[in-house]
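J.: After the sequence you'll find the predicted model.
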Amino acid sequence: MRVALLTGASRGIGRETALALAARGLALFLVAEGTEAELDGAVADCRAGGAPDAARAVFDLADPAAPEAMVQAALSRFGRVDVLVNNAGIRCRKPFGTFTRAEFDGLIGVNFAAAFFASQAVLPAMRAQGGGRIIHVASQTGRVAMEENSLYGPMKAALIQLTRNMAFELAKDGIQVNSVSPGPIATQFNIDSYGRIPGRVEQLEGRLPVGRLGRPAEIAEAIAFLATCEGGFIQGHDLVVDGGYTIV
């Protein structure tokens, strides 16, 4: 039985990814912050959707001790972790020049440090198993400049570069490391955020060659592909799933 540990699993892209992995027969250890009812619902849906087993835990990944504790909880529950999906993230959109140190530390803690230290924590188990897969959920904003994005974008760019460096070092251990960079996706969080700016959704759709926002399930399918595809020749790749945003 293959086991996937997934962060940010209670809603949006994370929940859809959990369902996509369940449909492919993986057992799931789902993690999110302070959303027990949503996590319970996700666990039930994963079991109904094909997962041989599913469990959940609440961790605040802003806590420096949480990434390692989360991995140990998954290993205690299942005895192995074959796939780690670092999906959890927070945003802080403001004009450059107005960020506080607390905002900087908070974003780097959840968006970069949590993925970094969770990956380190799972490494001994994956090496002992003979391999595994680690997938970071980055963003197209790690590749292009956008307004009020001078903190979130660089953190995602760092995650993409972390993917490359980890892949370079860990390939010899049979560990595949890749990332997925979503474009504008119609999560509830994004819809609420875009709604604060009149015409923002229409502006984005007008720029996208496909003419619409992406669906969370479309990102989930990309993550599930990297987690379960046959062969080990995809290494250190950032899979951009953005409806063509970055080719315009």
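T.: Sure thing, it's come through.
J.: the strands in the chain, which residues?
T.: Counting by DSSP state E, the chain has strands at residues 3-7, 27-32, 54-58, 83-86, 132-137, 175-182, 238-241.
J.: tell me which helix or strand of this structure sits lowest on mean pLDDT?
T.: Every helix and strand of the chain was ranked by mean pLDDT, DSSP states H and E. The lowest is helix 188-194, at a mean of 77.
J.: Against which helices or strands is that helix packed?
T.: In this structure, helix 188-194 makes packing contacts with helix 200-207, judged by 3 or more C-beta pairs under 8 Å, 6 or more residues apart in numbering; DSSP states H and E. C-beta coordinates here come from the backbone N, C-alpha and C atoms, glycine included.
J.: Against which helices or strands is the helix it packs on packed?
T.: Counting contacts by 3+ C-beta pairs under 8 Å, 6+ apart, helix 200-207 is packed against helix 188-194.
J.: buried ones in the helix it packs on?
T.: The neighbour-count criterion (16 or more other C-beta atoms under 10 Å) identifies 190, 194 as the buried residues of helix 188-194.
J.: Just give me the residue right at the centre of the chain.
T.: With distances taken as C-alpha atoms, centre = their mean, Asn87 lies nearest the centre of the chain, 1.9 Å away.
J.: Wait, it touches Ile13, no?
T.: Yes: assessed by C-beta atoms under 8 Å, Asn87 is found in contact with Ile13 at 6.3 Å.
J.: Find residues that contact each of these two.
T.: Shared contacts of Asn87 and Ile13, defined by C-beta atoms under 8 Å, 6 or more residues apart in numbering, are found at 137, 223.
J.: Any buried residues in the lengthiest helix in the chain, and which?
T.: Determined from DSSP state H, the single longest helix within the chain is helix 152-170. For helix 152-170, a neighbour-count test (16+ other C-beta under 10 Å) marks 152-160, 162-164, 166-167, 170 as buried.
J.: Give me the helices and strands touching that helix, please.
T.: Under the contact definition 3+ C-beta pairs under 8 Å, 6+ apart, helix 152-170 sits against helix 101-108, helix 114-129, strand 132-137, strand 175-182.
J.: go with 10 Å
T.: Under the contact definition 3 or more C-beta pairs under 10 Å, 6 or more residues apart in numbering; DSSP states H and E, helix 152-170 sits against strand 83-86, helix 101-108, helix 114-129, strand 132-137, strand 175-182, strand 238-241.
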